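> Show me how the following folds:
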Amino acid sequence: MTFYIALMLTVFLLLALLLAPALLQPSPAAKRIMEMVQSTRADRRKVGSRERTVEMILSIGNKLHARFGLTADETVKQRLLSAGIKSQQSMNAYSVSRFVGPLIGVGLGTLMPSNTVFWALTLGALLYLAPDTWLRLKIKKRRERIRKSLPDALDLLVICVEAGLGLDQAMLRVGKEMIISHPDLHQEFTQVNLEQMAGKPRLEAWKSAAERTQIAEFSLFVTMLTQADRFGTPIIRALSRFADEIRLKRRQRAEEMAAKTKIKILFPLVLFIFPCIFIVLLAPAILNIGKSMQAFK
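The predicted structure is shown next:
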């Protein structure tokens, strides 16, 4: 019993140290305020014990992150951005969960009274795969939401451009209008606008958005904008035609899914519905035959 308590305490302390950089870091607003009030004069204020303790815990946590390779690489960051996760704290929490999850699973498996090795390996593997599975599902759902909202956004873009707005202003206006109905597309439009305000060229900002979303329709939209800007094609005509094509593809995808349901429904019919029908139809006959056989006896 003492061994299990010591093991759980060790896992808890290790988890606390690994999560410290994500939990104890100041917020982005606090960081900006600190950057604004920074001075080149020597800091003569007295540092309290609480600040020293927090700083020590942060330094230990950062060293553990670097030692165990828990800092997210570019591939993981790109996947997190595709899922709509942009905060550094969430990225750190995801990286830590991939490392700490198997340890917690192994620790819980050792508490099982029987088949300890099996449960330890099984729970460790499940908690190791859980963050990646969750992230994959989140990316898939977000891409599907953006794909469904793209035709409506294109229609609003056409209306805004016909009303006299430029393309950048129309994008910003459409993003504000879709903040409630389609928040994912609003997030992408806002990110593109912020990148352009920071000095990034329009086409590069849209290519970055296409790389984040990794949606075929969004990539085609960026290609259309690039060609319209390069060859001088009227943007209203290009947007209108592209919106019609997107709606046609969405209708064809819905028809394809409806056609697939005829095949998919065979499995529940064979496994669940047909046996029930056979029981309802044949059970009375089988009972009657059984009674008749008993009468002959």
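> Would you mind splitting this protein into its domains for me?
2-27+50-141, 142-261 (automatic domain parsing).
> Centre of the chain to the last one, how far?
This points to domain 142-261. Distance, stretch centre to chain centre, for domain 142-261: 20 Å (CA atoms, centre = their mean, to the nearest Å).
> Any stretches of the chain with poor pLDDT?
The chain contains residues with pLDDT under 70 at 1-73, 296-297.
> Adding mean neighbour count and distance to Ile273, write the domains of the chain out as JSON lines.
The way it works is simple: take the backbone N, C-alpha and C, and place the C-beta from them, glycine included. Converted to JSON lines, those look like this (neighbours: other CB atoms under 10 Å; distance: least, CB to CB, whole Å):
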{"stretch": "domain 2-27+50-141", "mean neighbour count": "15", "distance to Ile273": "30"}
{"stretch": "domain 142-261", "mean neighbour count": "16", "distance to Ile273": "15"}
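> Make CSV from these and add distance to Phe272 to it.
CSV is the format used below for the domains of the chain (distance: least, CB to CB, whole Å):
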stretch, distance to Phe272
domain 2-27+50-141, 26
domain 142-261, 16
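> wait, which of those domains is closest to Met293?
Between Met293 and the domains of the chain, the tightest spacing by CB to CB is seen for domain 142-261, at 44.5 Å.
> from the middle of its chain, how far away would stretch 261-276 be?
33 Å.
> What distance do you get for Ala153 to Glu144?
15 Å (CB to CB, to the nearest Å).
> just Lys249 next, same as before
On the measure of CB to CB, Lys249 and Glu144 end up 14 Å apart.
> Then Pro102?
To Glu144, Pro102 is 30 Å away according to CB to CB.
> Then Trp206?
Applying CB to CB to Trp206 and Glu144 gives a distance of 21 Å.
> Please apply the same query to Leu127.
From Leu127 over to Glu144 (counting by CB to CB), the distance is 27 Å.
> what ranges do the helices span in the chain?
In the chain, helices defined by DSSP state H lie at 2-23, 28-36, 49-68, 74-82, 88-109, 116-162, 167-177, 183-197, 202-213, 216-231, 235-264, 266-268, 274-296, listed in chain order.
> Backbone torsions only: list them for Gly232.
Backbone torsions of Gly232, given as degrees, to the nearest 10, read phi 80, psi 30.
> and it, what does it touch?
Under the criterion of CB atoms under 8 Å, 6 or more residues apart in numbering, the contact list for Gly232 is empty.
> ok, now Thr213?
By CB under 8 Å, 6+ apart, the contact set of Thr213 is 82, 143, 146, 188.
> Please repeat the previous calculation with a cut-off of 10 Å.
81-82, 84, 139, 142-143, 146-147, 150, 184-185, 188, 219, 221-222 (CB atoms under 10 Å, 6 or more residues apart in numbering).
> What's the separation between Ser219 and Gln191?
16 Å.
> Check Met91 too.
Counting by CB to CB - Met91 and Gln191 are separated by 16 Å.
> Equivalent analysis for Leu266, please.
44 Å.
> same question, Lys141
Lys141 sits 19 Å away from Gln191, going by CB to CB.
> Then Phe231?
Where Gln191 is concerned, Phe231 sits at a distance of 27 Å (CB to CB).
> Likewise for Arg145?
Look at Arg145 and Gln191: by CB to CB, they are 16 Å apart.
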